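Asks: let me see the structure of the following:
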Amino acid sequence: MRKCIFCGGRSGSREHVFPAWILQKVKSAKFACFIGHHKNLSFDEWITKMVCHGCNTGWMGRMETAICRTLGPMIDDHSILLDAPQQWAIAAWSVKTAMTMHSTIHSARPMFYTPEEHRALMVSSSIPSRTTVFLGRYLGSPNLGGVAVDFTVREIDRVSECPVRASTFLFGHLVVQVVTVHATPEYSDRTILIGCTQGPWDDSLVVCWPTKGRKLYWPPALAFHEGIEKIEFLVLADRYMIGREVPL
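Replies: Just a heads-up that it's a prediction; the model follows:
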């Protein structure tokens, strides 16, 4: 029996990874998707069977109803000033979307987010520790897409590695990137720094989470665009892939 990744109850209903209100707002013939080694995926529907109908129509539905008033204008490329509660709501929604996206390949690999992290999000919109949520703007043709990559971070001459997941989404004109680090016990009380490729990230992204308790203006000064080197959406999605890949 399939279990819901959030409540642990029986799942199996076909639920969209991207909610209906976004699918209606951004008309896309196909989804572009990259998940780990599964590259260049394209399909008409992006469905998960790892979320139960009760969660989808209950707390997740309430989350969608609340967030669409904030995200809707951003998807349509309207500037907005986000207060701290709105930043938290966007971050929680973004993590929920990242968790749901990963569930589509759950049968092929272990889930990155833990059962405790799934449940905490469901119960109290608690965002996993060591999570950063970035927001950007896209000026290409409005489209939908998602990219997920896994990698590890370790210090030189140390064997212990900390797993990281970076999930990047494109919703019309809104770009969202969620990066979560799972610290091993020896790093639980230490700061973990993640390197990435050089790019105009300070000008093209704003940090939505952790919130600094003050209002945040979106969009940032520089936007991503298709076909322009250094500011393509996929360049952002792959910016952490700077090490040497080791076959499993």
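Asks: can you tell me which helix in this structure is longest?
Replies: When the chain is parsed with DSSP state H, its longest helix is helix 84-102.
Asks: so which bits of the helix or strand that that helix is followed by are buried?
Replies: Note on helix 84-102: by DSSP states H and E, the next helix or strand toward the C-terminus is helix 115-124. For helix 115-124, burial by neighbour count (16 or more other Cβ atoms under 10 Å) applies to 117-118, 120-122. For every residue, glycine as well, the C-beta is placed using N, CA and C.
Asks: with stretch 189-204 instead?
Replies: 201, 204.
Asks: related to what we said a few turns ago, what angle sits between the longest helix of the chain and helix 115-124?
Replies: On the basis of axes from the mean of the first three to the mean of the last three Cα atoms, to 10 degrees, helix 84-102 is oriented at 140 degrees to helix 115-124.
Asks: list the helices and strands helix 84-102 packs on?
Replies: Judged by 3 or more Cβ pairs under 8 Å, 6 or more residues apart in numbering; DSSP states H and E, helix 84-102 is in contact with helix 59-75, helix 115-124, strand 131-137, strand 143-153, strand 162-172, strand 174-181, strand 206-209.
Asks: just list whatever residues bridge to Tyr217.
Replies: Leu81 (DSSP bridges).
Asks: per-residue pLDDT, it?
Replies: Looking at Tyr217, its pLDDT stands at 97.
Asks: and Ile192, by the same measure?
Replies: Confidence score, pLDDT, at Ile192: 77.
Asks: that one and Asp83: what is the separation?
Replies: Remark: distance between Ile192 and Asp83 (Cβ to Cβ, to the nearest Å) = 29 Å.
Asks: chain center to stretch 168-175: distance?
Replies: Distance, stretch centre to chain centre, for stretch 168-175: 10 Å (Cα atoms, centre = their mean, to the nearest Å).
Asks: quick one: contacts of it?
Replies: Outside stretch 168-175, the residues within contact range by Cβ atoms under 8 Å, 6 or more residues apart in numbering are 18, 22, 25-26, 71, 74-77, 94, 97-98, 101, 134-139, 142-148, 176-178, 205, 224, 233, 236-237.
Asks: can I have the buried ones of those as a PyMOL selection?
Replies: Filtering these down to the buried ones (16+ other Cβ under 10 Å) takes a single PyMOL command:
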select buried, resi 18+22+25+26+71+74+75+94+97+98+101+134+135+136+137+138+142+143+144+145+146+147+148+176+177+178+205+224+233+236+237
